[in-house]
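Student: After the sequence you'll find the predicted model.
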Amino acid sequence: MLDVAVLGATGSIGTSALDVIARHPQRLRATVLAAGQNVEALVALCVRHRPRHAVIADPQRFADLRDGLRGAGLDTLPHAGDAALDELVGSDACRAVVAAIVGAAGLSSTLAAARAGKRILLANKESLVLAGELLMQAAHDAGATIVPVDSEHNAIFQCLPDAAAHAGLARIILTASGGPFRGRRREELHDVTPEQAAAHPKWSMGPKISVDSATLMNKGLEVIEAHHLFGVEAERIDVLVHPQSLVHSFVEFVDGSTLAQLGLPDMRTALSVGFAWPERIASGVAGLDLLAQGGRLEFEAPDLEAFPCLGLAFEALRSGGTAPAVLNAANETAVSAFLQGRIGFLAIPALVEQALAALPSSSAGSLDALRDADAQARRFVERAAHAHAL
Ligand SMILES: NC(=O)C1=CN([C@@H]2O[C@H](COP(=O)(O)OP(=O)(O)OC[C@H]3O[C@@H](n4cnc5c(N)ncnc54)[C@H](OP(=O)(O)O)[C@@H]3O)[C@@H](O)[C@H]2O)C=CC1
Ligand SMILES: CC(=O)[C@@H](O)[C@H](O)COP(=O)(O)O
Ligand SMILES: [Mn+2]
């Protein structure tokens, strides 16, 4: 039996992970469920999945969680705060961790899982962008297994099963849907609304990553994510827009072979791989009928002028040091301001670019240095967003 902690349980990835877990009661068990603030949804999940522990990140919601669990007649133990989560993740309460908290808030618990040598189903790409070297080193030192569940990286993981395959690797090609505004010119993006930006054409996801897909920052974060996961430099990572979202990425080898992984756009496939690899288990996702899907696989180059975030991410990766941390924090702050209606869509890349220019990269040798860069970028963008809104 694999005891699993699901972090970000109330979110899109969290609920997909719990769906897969519930399909395999003889093999998988959710023992820890964690969320940010949404106590009601967390208690409802506890009623359904009966974990030993439930954690709410916001300490002010502890009493609500305790009372909600009691009211539902559950003996699930309530906890609150980031430190409690890190401790549980590192304890015997779980052997596998689904890291699906959104944003840099997921770094601490993902690091705790790495340091404790857990099997990590890594969805929280921001933790790799912010602190990729530290996280990968911690996992290596403690013998943790990181299985990427971001769909593109899961595809690459499936195409690169062993070290011998890595030795012949020439290039990684990440596919991108192009988002809801694919084909639009920059001038046509001034007035797009948060609702339009969050309406992804192919995947059902949380609001932050959906907006990232619309700006192509999601693909930029994924380029940095791929660099850390697979040890490939920026020059050997390409992006290809593929509007059908059926090919989840390609891997090219030195002998001219290209491998790809295909499937319907449903995260339960990647999560099942994460739980069972190298075995395969049922995920609830149907096999791919290419004719029923329209019989066409199309590809085109990304438009870096209309969607500059992808280029900014490549630049940050090439700069190294604290630049990716600044990119990530600036983007999170700008996306949040956009979702709240405080700035326009085109202000997102503008603010990220300004933050990267204003906060030159320095050494990323310690977690403190990275957290400091993250905090500076957030302050910078908050001030600049306020000015944009005036
Ligand atoms: N959705 C997808 O298909 C994919 C997602 N990812 C990545 O997975 C991660 C999660 O994405 P997604 O599921 O879409 O996001 P959602 O917005 O749907 O869910 C976010 C989850 O994180 C929790 N959370 C938010 N803030 C905190 C915090 N400070 N501390 C603890 N928990 C917190 C939320 O809890 P609450 O409900 O209480 O707010 C919620 O459970 C992101 O990093 C994303 O980039 C990667 C590939 C695909
Ligand atoms: C499901 C998943 O992995 C997302 O990261 C997805 O890739 C988003 O789609 P885009 O290709 O539009 O960014
Ligand atoms: Mn992805």
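Tutor: Structure received. Ligands and ions are numbered 1, 2, ... in the order given.

Student: so where do the strands sit in the stretch 1-150 of the chain?
Tutor: 2-7, 28-35, 53-56, 77-80, 96-99, 119-122, 145-148 (DSSP state E, counting those that start in this stretch).

Student: Make CSV from the ones you listed and add mean neighbour count, distance to residue 212 and mean pLDDT to it.
Tutor: Where you see a C-beta, it was placed from the backbone N, CA and C, and this is true even at glycine. Below are those laid out as CSV (neighbours: other CB atoms under 10 Å; distance: least, CB to CB, whole Å; pLDDT from 0 to 100):
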stretch, mean neighbour count, distance to residue 212, mean pLDDT
strand 2-7, 25, 19, 98
strand 28-35, 25, 21, 98
strand 53-56, 26, 25, 98
strand 77-80, 20, 29, 98
strand 96-99, 28, 17, 98
strand 119-122, 26, 16, 98
strand 145-148, 21, 17, 97
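
Student: Nearest to ligand 1 among the ones you listed would be which one?
Tutor: Closest approach to ligand 1 among those (CB to the nearest ligand atom): strand 28-35, 3.6 Å.

Student: Is there proximity between that closest one and ligand 1?
Tutor: Yes - applying CB under 6 Å from any ligand atom, one finds strand 28-35 touching ligand 1 at residue 35.

Student: go on, stretch 143-160?
Tutor: Yes - judged by CB under 6 Å from any ligand atom, stretch 143-160 comes into contact with ligand 1 through residue 150.

Student: From the chain's centroid, how far away is that stretch?
Tutor: Relative to its parent chain, stretch 143-160 has a centroid offset of 12 Å by CA atoms, centre = their mean, to the nearest Å.

Student: same deal with stretch 377-388?
Tutor: 24 Å.

Student: what does stretch 10-27 give?
Tutor: 17 Å.

Student: Nearest to ligand 2, out of the strands of the stretch 1-150 of the chain?
Tutor: Comparing the strands of the stretch 1-150 of the chain by CB to the nearest ligand atom, strand 145-148 comes nearest, at 9.6 Å.

Student: Sheet-wise, list the partners of the closest one with their directions.
Tutor: With DSSP bridges as the test, strand 145-148 is paired with strand 119-122 (parallel).

Student: Which one of the residues in the stretch 101-250 of the chain is closest to ligand 3?
Tutor: residue 150 (4.3 Å; CB to the ion).

Student: Would you reformat the strands of the stretch 1-150 of the chain as CSV and include distance to ligand 3?
Tutor: Converted to CSV, those look like this (distance: least, CB to the ion, whole Å):
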stretch, distance to ligand 3
strand 2-7, 18
strand 28-35, 22
strand 53-56, 26
strand 77-80, 30
strand 96-99, 14
strand 119-122, 12
strand 145-148, 9
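
Student: Which of the ones you listed sits closest to residue 281?
Tutor: Residue 281 lies closest, by CB to CB, to one member of the strands of the stretch 1-150 of the chain: strand 28-35, at 8.6 Å.

Student: Spatially nearest residue to the closest residue to ligand 1 within the stretch 201-350 of the chain (excluding sequence neighbours)?
Tutor: Residue of the stretch 201-350 of the chain nearest ligand 1, by CB to the nearest ligand atom: residue 206 (2.4 Å). Excluding the flanking residues, the one nearest residue 206 by CB to CB, 6 or more residues apart in numbering is residue 12, at 4.9 Å.

Student: surely the one you found meets residue 210?
Tutor: No - counting by CB atoms under 8 Å, residue 12 stays clear of residue 210, with 9.2 Å between them.

Student: Report how many residues lie close to the residue of the stretch 201-350 of the chain closest to ligand 1.
Tutor: Neighbour count of residue 206, defined by other CB atoms under 10 Å: 18.

Student: can you check residue 349 too?
Tutor: Counted with other CB under 10 Å, residues neighbouring residue 349 total 24.

Student: For the helix or strand harbouring it, list the C-alpha coordinates in PDB.
Tutor: Using DSSP states H and E, residue 349 maps to helix 347-358. C-alpha atoms of helix 347-358 as PDB (Å, rounded to 0.1, in the frame of the first residue of the first chain):
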ATOM      1  CA  ALA A 347       1.000  44.500 -18.400                       C
ATOM      2  CA  ILE A 348       1.900  40.900 -17.300                       C
ATOM      3  CA  PRO A 349       4.900  40.600 -19.700                       C
ATOM      4  CA  ALA A 350       5.700  44.300 -19.300                       C
ATOM      5  CA  LEU A 351       6.000  44.000 -15.600                       C
ATOM      6  CA  VAL A 352       8.000  40.800 -15.700                       C
ATOM      7  CA  GLU A 353      10.400  42.400 -18.200                       C
ATOM      8  CA  GLN A 354      10.800  45.500 -16.000                       C
ATOM      9  CA  ALA A 355      11.400  43.300 -12.900                       C
ATOM     10  CA  LEU A 356      14.200  41.300 -14.700                       C
ATOM     11  CA  ALA A 357      15.800  44.600 -15.800                       C
ATOM     12  CA  ALA A 358      15.600  46.200 -12.400                       C
END
